[in-house]
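J.: need a structure here:
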Amino acid sequence: MNKLILTTAVLALAAGGAMAQDVVRMGTEGAYPPWNFIDDNGDVAGFERELGDELCARAELNCEWVTNEWDSIIPNLVSGNYDTIIAGMSITAERDEVIDFTQEYTPPDPSCYVALSDDVDVDGGIVTAQTSTIQAAFVAEAGATLVEFATPEETIAAVRSGEADAVLADCSYLQPIADEEADLVMLERNEQIGGGVGMGLRESDADLKAKFDAAISSMKDDGSLNALIEKWEVASTF
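T.: Here you go, the predicted model:
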């Protein structure tokens, strides 16, 4: 009887461990609307929350959401704090040397400038961008003076305070802010930088990547991915 109880307990622990391993932790920033943000209930919301939940359902995966600051989001994926990055991350050759990517789930989103006036010289001025983004790399390579901040909110604040002449970020992030704030102006100029946006995974997780790739393909095929992109206005459709 005691042996039976012990065996049952061991099996229960093994099952519990298997269930824990079956949970896919979806890592996001939670600070980049409309892609991802924290809602009034304290939950992850936005385009990527809705997309990620649908991808997990189609892949028959049990997923949970984890937030992480942007500047350490790749190192903490590699170290195992979560299993995917789904955070508006453009696919670049530099990032692909460290992690792996699924196919893109949105086409490349143009990057725009927001400033306090429409006559700002972004080539010779001070431009701010979020740390470790394609926009920050672009500004540095273009020769303008770059000021980096850890969060997107800080880049907007730098423009308002005069610390920077303009901010460069995804148009889909900046447009709602410019529409709502009378003191901010969206410049006509934009930049086409980076690749499409995909999910980041550890290079060792080939099976998980294949499952998400298949789910993304199915959403492209049935039109539901384009519908979601249009709903949240995050990029052009496929």
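J.: state the pLDDT value of the nearest residue to Glu230 once chain neighbours are set aside.
T.: Using Cβ to Cβ, 6 or more residues apart in numbering and skipping the chain neighbours, the partner closest in space to Glu230 is Thr237 (6.3 Å). C-beta here means a position set from N, CA and C on the backbone, and glycine is covered the same way. Looking at Thr237, its pLDDT reads 96.
J.: same check, this time on Glu203
T.: Glu203 is given a pLDDT of 97.
J.: now do the SS call for it.
T.: Look at Glu203: counting by DSSP: H, G, I helix; E, B strand; the rest coil, its state is coil.
J.: residues contacting it?
T.: Ile99, Asp100 (Cβ atoms under 8 Å, 6 or more residues apart in numbering).
J.: if I look at the residue nearest to Glu230, how far off is Ile99?
T.: Thr237 sits at a distance of 26 Å from Ile99 (criterion: Cβ to Cβ, to the nearest Å).
J.: who's more crowded, those two?
T.: Ile99 (19 against 13; other Cβ atoms under 10 Å).
J.: the more buried one is in contact with Leu201, isn't it?
T.: Yes - if you go by Cβ atoms under 8 Å, Ile99 and Leu201 touch, sitting 6.5 Å apart.
J.: quickly list what's touching both of those two.
T.: With Cβ under 8 Å, 6+ apart as the test, Ile99 and Leu201 both reach Leu77, Ile85.
J.: in terms of helix, strand or coil, where does the residue positioned nearest the centre of the chain fall?
T.: Nearest to the mean C-alpha position of the chain, counting by Cα atoms, centre = their mean, stands Ala87 at 1.4 Å. Classification of Ala87 using three-state DSSP returns coil.
J.: tell me who's in contact with Gln103.
T.: By Cβ under 8 Å, 6+ apart, the neighbours of Gln103 are Gly198, Asp213, Ile216, Ser217.
J.: need the CA coordinates for the strand or helix carrying Val127. CSV is fine.
T.: Val127 is part of strand 126-130 when elements are defined by DSSP states H and E. The C-alpha coordinates for strand 126-130 follow below in CSV (Å, rounded to 0.1, in the frame of the first residue of the first chain):
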residue,chain,number,x,y,z
ILE,A,126,19.4,65.6,-32.0
VAL,A,127,17.2,62.6,-32.5
THR,A,128,16.1,60.3,-29.8
ALA,A,129,15.2,56.6,-30.1
GLN,A,130,14.6,53.7,-27.8
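J.: which elements pack onto it?
T.: The contact analysis (3 or more Cβ pairs under 8 Å, 6 or more residues apart in numbering; DSSP states H and E) places strand 126-130 against helix 134-142, strand 145-149, helix 152-161, strand 166-170.
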